[in-house]
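Chemist: mind looking at a prediction? Sequence and model below.
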Amino acid sequence: MNSPAFLTAGFLFIATVVPAALTAAESGVAVPIPAPEEILSRLKPAHPRLLVSTADLERLRQRARENATLRDWHARLLERGRRLLDEPPSRYEIPDGLRLLSVSRRVVDRVYTLALLFHLETDPAFARRAGRELEVAAAFPDWNPRHFLDTAEMTHAFAIGYDWLFDFWSPEQRAALVTAMIEKGLRPALEIHRRNSSWSRVRHNWNQVCNGGIGMGALALADVEPKLAGEFLAAALHSIQLAMREYGPDGAWAEGPGYWRYATQYNVVFLAALETALGTDFGLGGIPGFADAGLFPLHITGPLDRTFNYADGGDGAIRAPEMFWLARRFQRPEYAHEQLRLAIGAPLDLVWFDPQVPAAAPELPRDKYFRGAEVVTLRSAWNDRNALFIGFKAGDNRANHSNLDLGTFVLDALGERWAVDLGADDYNLPGYFGGQRWTYYRLRAEGHNTLVLNPEESPDQDPAAAAKIMKFASLPERVVAVADLTAAYARHAQSVRRGIALLDRRQVLVQDEIRAGQPADIWWFLHTPAQITLADDGGVATLELNGKRLRAEVLEPAGAQFSVMAARPLPSSPQPDKQNPNTGIRKLTLYLPATTETRVAVRLQPLTGRDADSSPRPVVQPLAAW
């Protein structure tokens, strides 16, 4: 959720000959969108028409009485709703000087909760409380359009409140809600589309959140303000295709799993509302990769329900009600199974969960390569908290919210995360989304589990570099992935490649091959919360965490020695104030000074009673032979 200054703009121009059997969306050609008048000719006049109909709500009331899962979620929602009755409405607050976003999100959550409970309980107290929330927010001086995510989310809240509680409102209340949506949401958004600027041109989460949130408002009031609503919807249906194509070809998201959730949440809400309000999504759901979007949280989540959290973001579990919608829309029961396992009963869990559709346990490969995002995940097993899991990435340092993290990885085993991604730092640090971004440790290569060559104050990977997974092969007893990282280190090396192998589903080999034109100082890092004990010769390190152990062993080059360092900048790196001190994290380190050509091979072996003695020592082969 960055400031607009850091947005990456771009258009999508594709010209190709398409077989007649393919739709425009499936072929990669821009999906044709009708004129505004034709879009609105499909509008269903009744309310509610966003995400649910009156018949849907009646079915939900019945199912909430009959189905144990829905009963439990309903009870949780009711408890929360009753607490809200006594809480004051949200206030206009911009605590960091930039974002109203936390307030907008609070209003979204409260309105969904209260409006749904009004229908489930037929208790006007919930509608009255939603009315107080919306009345206060309607009187805000603005919805902070300088950080337009805030505006879009608040418009989303008003759209749901207006639509789901339409029959409860007086004509005066409806008029006030419509006026707020138009003046504080729809008109500012239309100006951005008319200028073809800002989020209307980008290929990341801002596009979906802003088009989706404002689009909800347009659908809610399209019958009373058809000119404005039609113009916005036509523009949004064109614009959102730019971002939706980023799911291709395999459903992954370059901004990382946290922003996959944010982007997909609003993408799905918008498409779902188009279908309920207009009867169609105009073919947008057929854009390549979107049907597979639900695979990404499945594979990017390790056995501890912690994600491989590359880019800006934390590693918490992805709880996404939109997985229920995706499961139904694309006949993918494995998506519903994942969300059912993690759901906590959010309002849209209740709306989109269908107990009549079996949520099948996933029959998925253990290993996955996501093309485009260039991310690989490997695991020893599904449904085993002690399984071995690796997330490994190449990718593009120019992606929105990217870190300089090409070649990084995380590692889970024995019920612990041994190699961690530190995640984002404070978004309000000076220049975090501007010129100082690459001075912050957590965003630099040295703050990740990757390589640094010739460290200095300048960025320690090329911020414009992109890297591909050049080989991926998955066999029952051996899985390999190799990334060409040369572009990231082109100032210092002629060739840099990293391979990660999962051997016998019991141990990991991390192997780097570096060829520099001139002698280079090479650093290898692994960040961990574990305690580290080094053998006398430095060639072996034992990591201990919560009574469990993992062994790291240098296989090549001969004589290389591990050391242990704090998770802090190197002396030659920038030392900005107020960045996260990374308390409790240390890094296992290899340092190879003045090296022209080398192969670095490190074995990572979880230690159990059996594996401590019996896992064979890997034979180191050139990456070209993998």
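Modeler: Nice, thanks for sending it over. Numbering: from 1, shown residues only.
Chemist: all contacts plus neighbour counts: C-alpha atoms, from now on.
Modeler: Will do.
Chemist: L545 contacts G415, doesn't it?
Modeler: No: using C-alpha atoms under 8 Å, L545 is not in contact with G415, being 9.9 Å away.
Chemist: how close does S102 sit to P95?
Modeler: Noted for S102: a distance of 9 Å to P95, by C-alpha to C-alpha, to the nearest Å.
Chemist: who's more crowded, the two?
Modeler: S102 (15 against 10; other C-alpha atoms under 10 Å).
Chemist: where does that one land in three-state SS?
Modeler: helix (DSSP: H, G, I helix; E, B strand; the rest coil).
Chemist: distance of it from N309?
Modeler: Relative to N309, and taking C-alpha to C-alpha, S102 is found at 22 Å.
Chemist: same check on I522?
Modeler: I522 is 25 Å from N309, by C-alpha to C-alpha.
Chemist: out of these two, which sits in the more crowded spot?
Modeler: N309 (25 against 20).
Chemist: which of the three states applies to the more buried one?
Modeler: Under three-state DSSP, N309 comes out as coil.
Chemist: and the closest residue to it other than its chain neighbours, what are its phi and psi?
Modeler: In space, and not counting its chain neighbours, N309 is closest to D315: 5.0 Å by C-alpha to C-alpha, 6 or more residues apart in numbering. For D315, the backbone dihedrals (degrees, to the nearest 10) come out as phi -110, psi 20.
Chemist: who are the contact partners of L278?
Modeler: I39, L40, R42, L43, K44 (C-alpha atoms under 8 Å, 6 or more residues apart in numbering).
Chemist: what about 7 Å?
Modeler: Contacts here follow C-alpha atoms under 7 Å, 6 or more residues apart in numbering; on that basis L278 touches R42, L43, K44.
Chemist: confirm I532 sits in a strand?
Modeler: Yes: the assignment for I532 is a strand, going by three-state DSSP.
Chemist: thinking it is in contact with L545, fair?
Modeler: No: using C-alpha atoms under 7 Å, I532 is not in contact with L545, being 9.2 Å away.
Chemist: among those two, which residue is more densely surrounded?
Modeler: I532 (21 against 17).
Chemist: G609 versus that one, what's the distance?
Modeler: 20 Å.
Chemist: and for T280?
Modeler: Distance from T280 to G609, counting by C-alpha to C-alpha: 58 Å.
Chemist: neighbour count winner among the two?
Modeler: T280 (16 against 7).
Chemist: so that one, which state does it fall into?
Modeler: coil.
Chemist: per-residue pLDDT, the closest residue to it other than its chain neighbours?
Modeler: Nearest non-adjacent residue to T280, counting by C-alpha to C-alpha, 6+ apart: L274, 6.0 Å away. pLDDT recorded at L274 is 99.
Chemist: again, but for S615
Modeler: So S615 comes in at 77 (pLDDT).
Chemist: start to end distance for stretch 566-582?
Modeler: Using C-alpha to C-alpha, the two ends of stretch 566-582 sit 9 Å apart.
Chemist: show residues contacting stretch 511-520.
Modeler: Contacts of stretch 511-520 (C-alpha under 7 Å, 6+ apart): 453-454, 492-500, 593-602.
Chemist: of those residues, which belong to strands?
Modeler: Counting by DSSP state E, those place 453, 495-500, 593-602 in strands.
Chemist: filter these to the buried ones?
Modeler: By neighbour count, with 16 or more other C-alpha atoms under 10 Å, these hold 453, 495-500, 595-602 as buried.
Chemist: pick the one among these closest to H74.
Modeler: I500 (45.4 Å; C-alpha to C-alpha).
Chemist: quick one: the closest one from H527, how far?
Modeler: For I500 relative to H527 (C-alpha to C-alpha), the value is 17 Å.
Chemist: pop out the phi and psi values for the residue of the chain most remote from its centre.
Modeler: Going by C-alpha atoms, centre = their mean, the residue of the chain most distant from its centre is D536, 42.5 Å out. Reported as degrees, to the nearest 10, the phi and psi values for D536 are phi -60, psi -40.
Chemist: show the contacting residues for it.
Modeler: Contacts of D536 by C-alpha under 7 Å, 6+ apart: none found.
Chemist: now with 10 Å?
Modeler: By C-alpha atoms under 10 Å, 6 or more residues apart in numbering, the residues touching D536 are Q561.
Chemist: again with L348
Modeler: L51, Y112, T113, L116, V269, A320, P321, E322, F324, W325.
Chemist: and for the fifth one, the neighbour number?
Modeler: Residues lying near V269 (other C-alpha under 10 Å) number 23.
Chemist: again with the third one
Modeler: T113 has 21 neighbours, counted by other C-alpha under 10 Å.
Chemist: excluding its backbone neighbours, what's nearest A483?
Modeler: I469 (4.3 Å).
Chemist: now H74: how far from P95?
Modeler: When H74 is compared with P95 (using C-alpha to C-alpha), they lie 33 Å apart.
Chemist: sorry, wrong one. I was asking about A277.
Modeler: 36 Å.
Chemist: same thing with V136?
Modeler: If you go by C-alpha to C-alpha, the gap between V136 and P95 works out to 18 Å.
Chemist: before we move on, what about D536?
Modeler: On the measure of C-alpha to C-alpha, D536 and P95 end up 52 Å apart.
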